[in-house]
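Undergrad: Kindly generate the corresponding structure for this input.
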Amino acid sequence: MTEYKKLPWGTKTFIMGIINATPDSFSGDGTAFDIEASIRKVNEFVEYGVDILDIGGESSRPKGIYDSVTPVDVDQELTRVIPVIEAIRSMSDIPISIDTWKSEVAKEAIASGASIVNDIWGLKKDTNMASVVAQNRVGLILTHNGTSINYNDVVDETILEIENMIVLALDEGIDKDCIIIDPGFGFGKNPEQNLQILGKLEKYKKFDLPVLIGTSRKSTIGYVLDLPVEDRIEGTAATIAISITKKVDIVRVHDVKEMGRVVKMSDAIVRGWSGV
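TA: Residues are numbered from 1 along each chain as shown. Alright, predicted model coming up:
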């Protein structure tokens, strides 16, 4: 097991690189069972300055937007992610996040070297997840994931629901220093609501917790620009630059090389530049 080490939040924007060990990623970059392809991508991400690697074995693409979304059972998900985590850990001590809502997958991933659990259902879908996180003292990304887009005020209502998730996590024995929050851009919101969240992202800093945003290549960008997933780099860059002006702490991206440059330039403007 790898110990979770709190990053120096507020000093820079940290880059989380996405490794999709899936055959059906919405972004088309899944590596499925090809460990060598996953490691090549890891090495590329490390070269371009990635701070955290997020490994996922089940596509989280919304069923309402993408056809043929197939659920993945625990054994299949483990078969996809554990070899990748073990391979990364054998060659690097870079922080690894496991993108899963299943406690059994999280437990095995932690044993293999993951130190953060990225739960897109915010502890709501698997009641055992909180105890796995608490017992292992790993980091936890609590993502807001709505089941309905019927909000009167999407920002205020998601903030309230995130507050409830934080209370649940603390009640289950999870250390506050281990919690990261994600407003859930693209999860149970329509494009207008996603843009409202992005425009008021600073409101999510009220909890004095690090905030992660995941806009990379998502459908809202496609709707605004009328572009397919492979042509959304510039749109993603705009969302990341705006997020950094709101003092977001982590950006979760597919294109580490390009977005790393966006982050560096935006940080120089927003956080200051030392000239080195």
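Undergrad: and after the helix or strand where Asn118 lies, which helix or strand comes next?
TA: Per DSSP states H and E, Asn118 falls inside strand 116-119. Counting by DSSP H and E, the element after strand 116-119 in chain order, helix or strand, is helix 129-136.
Undergrad: Could you pull up phi and psi at Thr143?
TA: phi -100, psi 130 (degrees, to the nearest 10).
Undergrad: what's near enough to touch it?
TA: Taking Cβ atoms under 8 Å, 6 or more residues apart in numbering as the contact definition, Thr143 lies against 118-122, 181-182, 184, 187. Placement of C-beta: from N, CA and C, glycine included.
Undergrad: Where does pLDDT dip in the stretch 51-200 of the chain?
TA: 61-69 (pLDDT under 70).
Undergrad: Please enumerate the helices of it.
TA: Assigned helices in the stretch 51-200 of the chain, in chain order: 74-91, 103-112, 129-136, 154-171, 191-199 (criterion: DSSP state H, counting those that start in this stretch).
Undergrad: Pick the most deeply packed of those.
TA: helix 103-112 (a mean of 23; mean count of other Cβ atoms under 10 Å).
Undergrad: packing partners for it?
TA: When contacts are defined as 3 or more Cβ pairs under 8 Å, 6 or more residues apart in numbering; DSSP states H and E, helix 103-112 packs onto helix 74-91, strand 96-99, strand 116-119, helix 129-136.
Undergrad: out of these, nearest to Ile213?
TA: strand 116-119 (12.9 Å; Cβ to Cβ).
Undergrad: Paired strands for the closest one, with orientation please.
TA: strand 96-99 (parallel), strand 139-143 (parallel) (DSSP bridges).
Undergrad: Show me where the stretch 151-276 of the chain has its strands.
TA: 179-182, 212-213, 250-253 (DSSP state E, counting those that start in this stretch).
Undergrad: could you list every residue that touches Pro71?
TA: Glu58.
Undergrad: One more pass at 10 Å, please.
TA: Pro71 sits next to 58-59, 77 when contact means Cβ atoms under 10 Å, 6 or more residues apart in numbering.
Undergrad: Next, format the helices of the stretch 51-200 of the chain as a markdown table and append distance to Glu36.
TA: Output for the helices of the stretch 51-200 of the chain, formatted as a markdown table (distance: least, Cβ to Cβ, whole Å):
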| stretch | distance to Glu36 |
| --- | --- |
| helix 74-91 | 9 |
| helix 103-112 | 18 |
| helix 129-136 | 29 |
| helix 154-171 | 37 |
| helix 191-199 | 35 |
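Undergrad: Determine how far the last residue of stretch 133-144 lies from the first.
TA: 18 Å (Cα to Cα, to the nearest Å).
Undergrad: Mind giving me the packing neighbours of the longest strand seen in the chain?
TA: Once the chain is assigned using DSSP state E, the strand that runs over the most residues is strand 14-20. Here strand 14-20 touches helix 35-47, strand 52-56, helix 74-91, strand 96-99, strand 212-213, strand 250-253, helix 256-270, going by 3 or more Cβ pairs under 10 Å, 6 or more residues apart in numbering; DSSP states H and E.
Undergrad: In TSV, list these along with distance to Gly222.
TA: Compiled in TSV, the helices and strands packed on strand 14-20 are given as follows (distance: least, Cβ to Cβ, whole Å):
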stretch	distance to Gly222
helix 35-47	23
strand 52-56	20
helix 74-91	26
strand 96-99	21
strand 212-213	17
strand 250-253	16
helix 256-270	17
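Undergrad: which one of those lies closest to Gly146?
TA: strand 212-213 (16.1 Å).
Undergrad: Partner strands of that closest one and their direction?
TA: strand 250-253 (parallel).
Undergrad: pLDDT averaged over the partner strand, what's the number?
TA: Averaged over strand 250-253, pLDDT sits at 99.
Undergrad: which residues sit in contact with Lys5?
TA: Going by Cβ under 10 Å, 6+ apart, Lys5 touches 93, 95, 115, 139.
Undergrad: Am I right that the first one is in contact with Ile52?
TA: No: counting by Cβ atoms under 10 Å, Asp93 sits too far from Ile52 to count as a contact (12.0 Å).
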